[in-house]
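J.: Any chance you can model this:
(one chain, ligands or ions: 1)
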Amino acid sequence: MSRGIRRIIRGRLVMCLLFPAVAAAQTPAGPRLDRLKAELARAIDARAKLAQQMVDQVFSYAELGMQEVETSAYLTGILERNGFVVERGVAGIPTSWVARWGSGKPVIALGSDIDCIPQASQRPGIASHEAIVAGAPGHGEGHNSGVPLNILAALAVKDIMARERIPGTIVLWPGVAEEQLATKAFLVRAGVFRDVDANLFAHVSDEFGISWGDEPALALISALFKFKGQSAHAAGAPWRGRSALDGVMSMANAWEYHREHMELAQRSHYVITDGGDQPNVVPSTAAIWFYFRERDYERVTKMFEDAKQIARGAAMATFTTLDTVQVIGSAWRPHFNRPIAEALHANAVRVGMPPWDDKDQAMARAVQTMMSRPDSGLHTSVPPLRSPEEAAKASTGTGSDDIGDVTWTVPSVTLYYPANIPGTPGHSWADGIAMATPIAHKGVIAGAKVQAMTLLDLMLQPKLVSDAKDYFVNVQTKTTKYRPLMAPTDQPATWLNAEKMARYRDQMRKYYYDPSKYETYLKQLGISYPTVPMRAP
Ligand SMILES: [Zn+2]
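T.: The predicted structure follows:
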């Protein structure tokens, strides 16, 4: 033991005896870190205008998975103007990118999703269903807010690192096509996280939901099954035809019979993406798209193998052929790193909830009433850090999230931040109402402060980085090792949503946010906030 260390220990002991409360707070990084965190909060408040502009701008682009062209060009432009080096087209995905700033260790990544939801176009700030463009996609999940949050956090921390000469690298990356769980496993395979020490993900919510351990979510494989038949006049010579749609429907029926014999935890669902052209032509092609969800790698892989056998059987029974089976997306069940979750939660408690006002609460209550939910308004306190058991209890459903693959590759936590209204159904136009209003703007600012403080914790406290790694190696992955759910030959489905987006792009362009003319997107659309029904006195 060196003399220096002994002196520190003795000094601490004395301090503990005299001032127990003070001693606990004064770790070596303590007072400096504390001062810098207060500075971070002020720096992010000072960028409130940028927060509003970014959130509104991405909301107005509303691009579906794999088609986030305007969104990615806009966000990377901001990063480049602020000194980040941007690599585009990462992992063979045109709208994917990685932005880096700084040098040396630690390398800390900040990620968040950027895609939106089909048919979720919605005028913000209005407590009723009114599309901006009827039938068009919209941010009915709030993915317009996460990368803006990460940019605010990164810019604030970068300024401090540059001034104080703090070593380290900040890496920003987008979750492309999260709704199809279509890219994160490919980012992992491409080595995006090879040199990353920790990953802070951010996802919109209605509260600061922070947990460690297994998420209450399911592993997933999504796959498209294409059948081939023989076309013929459906009335004139049906005996010469072989219907690919019969193959698809037989597969779906057989899956429904099989469902009775599956374990209860499974979730599986499908849509027919190609059912032929018109009734008097026997369909020569047909396609069915399945999502298979189960608790872990083994079970979800078994489900997929069962489905392939059923597909082959369906083809045989209908005299058609199973043309291709293409994996479109895959996801491990996420597992969040405990030491990082604890640091993140401490920062959420420090920052506290966004300063909601009466208008925000009136907006929230009107939306809740419209959805026939309790009109409790917006949350006003930060819940405790959740263990896996508590996270399961707080969860209302069983989705999947391809952040799972990242969490099994590098120590990671998702920061759920309060920027939307409690009680919305998710994946819906109703979830878009708040997402270009002060609720989203304030939520992003509060979330950015938490993210920035945790980023600084990781940059200044090597022990947090090593504790995170220790948990990752000796607890999380001690017995479970990551293996991709897709085959080495599977490639990103970059064609996803191209036709849907092309159908609406020109109409949507007229409604892109123009911050040079309008203070906010609400003003551009001529919406007074909040537009809610009169309440009976
Ligand atoms: Zn999402």
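J.: Now do the contacts for Gln119.
T.: Residues counted as contacts of Gln119 (CB atoms under 8 Å, 6 or more residues apart in numbering) are Gly135, Ala136, Pro137, Gly138, Trp429. Where you see a C-beta, it was placed from the backbone N, CA and C, and this is true even at glycine.
J.: PyMOL command to pick out the buried ones of the residues you listed?
T.: When burial is assessed using 16 or more other CB atoms under 10 Å, the buried subset of these is captured in PyMOL by this command:
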select buried, resi 136+137+138+429
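J.: In JSON lines, list the contacts of Gln119 along with pLDDT and secondary structure.
T.: Converted to JSON lines, these look like this (pLDDT from 0 to 100; DSSP: H, G, I helix; E, B strand; the rest coil):
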{"residue": "Gly135", "pLDDT": "97", "secondary structure": "coil"}
{"residue": "Ala136", "pLDDT": "98", "secondary structure": "coil"}
{"residue": "Pro137", "pLDDT": "98", "secondary structure": "coil"}
{"residue": "Gly138", "pLDDT": "98", "secondary structure": "strand"}
{"residue": "Trp429", "pLDDT": "97", "secondary structure": "helix"}
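J.: I'd like the next helix or strand past the helix or strand Gln326 falls within.
T.: If you go by DSSP states H and E, Gln326 is part of strand 321-331. Secondary structure here is assigned by DSSP H and E; on that basis, the next helix or strand after strand 321-331 toward the C-terminus is strand 335-336.
J.: List the contacts of that next one.
T.: Contacts for strand 335-336 (CB under 8 Å, 6+ apart): Ser211, Trp212, Gly213, Asp214, Glu215, Gly404, Thr407, Trp408, Ser412, Val413, Thr414, Gln476.
J.: Give me the nearest residue to Ile421, chain neighbours excluded.
T.: With CB to CB, 6 or more residues apart in numbering as the criterion, Ile421 has its nearest non-adjacent residue at 4.6 Å, and that residue is Ala364.
J.: For that neighbour, what are phi and psi?
T.: In terms of degrees, to the nearest 10, the main-chain angles of Ala364 are phi -60, psi -50.
J.: Enumerate the positions of whichever strand or helix holds Ser466 that are buried.
T.: Applying DSSP H and E as the criterion places Ser466 in helix 462-471. Of the residues in helix 462-471, those with enough neighbours to count as buried (16+ other CB under 10 Å) are Leu464, Val465, Asp467, Ala468, Lys469, Tyr471.
J.: again, but for stretch 32-41
T.: Going by neighbour count (16+ other CB under 10 Å), the buried part of stretch 32-41 is Leu33, Leu36, Lys37, Leu40, Ala41.
J.: quick one: it to chain centroid distance?
T.: 28 Å (CA atoms, centre = their mean, to the nearest Å).
J.: Could I get the contacts of Gln119 in CSV, plus columns for distance to Met486?
T.: CSV is the format used below for the contacts of Gln119 (distance: CB to CB, whole Å):
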residue, distance to Met486
Gly135, 32
Ala136, 31
Pro137, 26
Gly138, 29
Trp429, 32
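J.: Find the nearest non-adjacent residue to the residue positioned nearest the centre of the chain, please.
T.: Per CA atoms, centre = their mean, the C-alpha nearest to the average position across the chain is that of Asp113, at 4.1 Å. Once its chain neighbours are removed from consideration, Asp113 has its nearest residue in Gly175; the separation is 3.5 Å (CB to CB, 6+ apart).
J.: Just the pLDDT at the residue of the chain positioned farthest from its centre, thanks.
T.: Outermost residue of the chain with respect to the C-alpha centroid, by CA atoms, centre = their mean, is Gly236; its distance is 51.3 Å. Gly236 is assigned 96 on the pLDDT scale.
J.: so it sits in a helix?
T.: No - when the secondary structure is assigned by DSSP: H, G, I helix; E, B strand; the rest coil, Gly236 falls in coil instead of a helix.
J.: tell me the contacts of Thr480?
T.: Thr480 is in contact with Trp408, counting by CB under 8 Å, 6+ apart.
J.: Would you mind giving the secondary structure of it?
T.: For Thr480, the assignment made with three-state DSSP gives coil.
J.: if we can go back for a sec, the residue nearest to Asp113 against Ala109, yeah?
T.: No - here Gly175 does not reach Ala109: they are 11.7 Å apart, not a contact under CB atoms under 8 Å.
J.: Compare these two (neighbour count), which wins?
T.: For Gly175 versus Ala109, the count of surrounding residues by other CB atoms under 10 Å is larger for Gly175: 29 against 25.
J.: Could you check how far that one is from Ala448?
T.: Gly175 sits at a distance of 17 Å from Ala448 (criterion: CB to CB, to the nearest Å).
J.: And Asp246, by the same measure?
T.: For Asp246, the distance to Ala448 (CB to CB) stands at 53 Å.
J.: the more surrounded of these two?
T.: In this view Asp246 and Ala448 are compared by other CB under 10 Å, and Ala448 has more residues nearby, 31 against 21.
J.: which SS class is the more buried one?
T.: Three-state secondary structure (criterion: three-state DSSP) places Ala448 in helix.
J.: Might one say that it is in contact with Val157?
T.: No - applying CB under 8 Å, one finds Ala448 not in contact with Val157, separated by 10.1 Å.
J.: Going along the chain, name the strands of the stretch 1-150 of the chain.
T.: Counting by DSSP state E, counting those that start in this stretch, the segments of the stretch 1-150 of the chain that form strands are 85-88, 97-103, 107-113.
J.: Let me know which of the ones you listed is tucked in deepest.
T.: strand 107-113 (a mean of 26; mean count of other CB atoms under 10 Å).
J.: Report the distance from it to the chain centre.
T.: When C-alpha coordinates are averaged (CA atoms, centre = their mean), strand 107-113 and its chain have centres 11 Å apart.
J.: now do stretch 166-175
T.: Relative to where its chain is centred, stretch 166-175 has its mean C-alpha point 17 Å off (CA atoms, centre = their mean).
J.: average model confidence for it?
T.: When pLDDT is averaged over stretch 166-175, the result is 98.
J.: on that earlier part again, what's the average pLDDT for the strand holding Gln326?
T.: The predicted model gives strand 321-331 an average pLDDT of 97.
J.: Dump it to PDB, restricted to CA.
T.: Listed in PDB are the C-alpha atoms of strand 321-331, where the atom choice follows Å, rounded to 0.1, in the frame of the first residue of the first chain:
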ATOM      1  CA  THR A 321     -43.600 -24.300 -53.300                       C
ATOM      2  CA  LEU A 322     -42.000 -22.500 -50.300                       C
ATOM      3  CA  ASP A 323     -39.900 -20.000 -52.300                       C
ATOM      4  CA  THR A 324     -37.900 -18.200 -49.600                       C
ATOM      5  CA  VAL A 325     -37.800 -17.700 -45.800                       C
ATOM      6  CA  GLN A 326     -36.200 -14.300 -45.000                       C
ATOM      7  CA  VAL A 327     -35.300 -13.200 -41.500                       C
ATOM      8  CA  ILE A 328     -36.300  -9.500 -41.300                       C
ATOM      9  CA  GLY A 329     -35.600  -8.800 -37.700                       C
ATOM     10  CA  SER A 330     -34.300 -10.400 -34.500                       C
ATOM     11  CA  ALA A 331     -33.900  -9.400 -30.900                       C
END
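J.: Show me what that strand is packed against.
T.: If contacts are counted by 3 or more CB pairs under 8 Å, 6 or more residues apart in numbering; DSSP states H and E, strand 321-331 sits against helix 184-189, strand 219-228, helix 297-317, helix 403-407.
J.: what does the average pLDDT come to for the last one?
T.: Here helix 403-407 scores 97 as its mean pLDDT.
J.: How about residues contacting the helix or strand following that helix?
T.: Scanning forward in sequence from helix 403-407, with DSSP H and E defining helices and strands, the next element found is strand 412-418. For strand 412-418, the surrounding residues in contact (CB under 8 Å, 6+ apart) are 149, 198-210, 212, 215, 334, 336-337, 340-341, 344, 348, 353-354, 378-379, 401, 403, 406, 443-444, 446-447, 450-451, 454.
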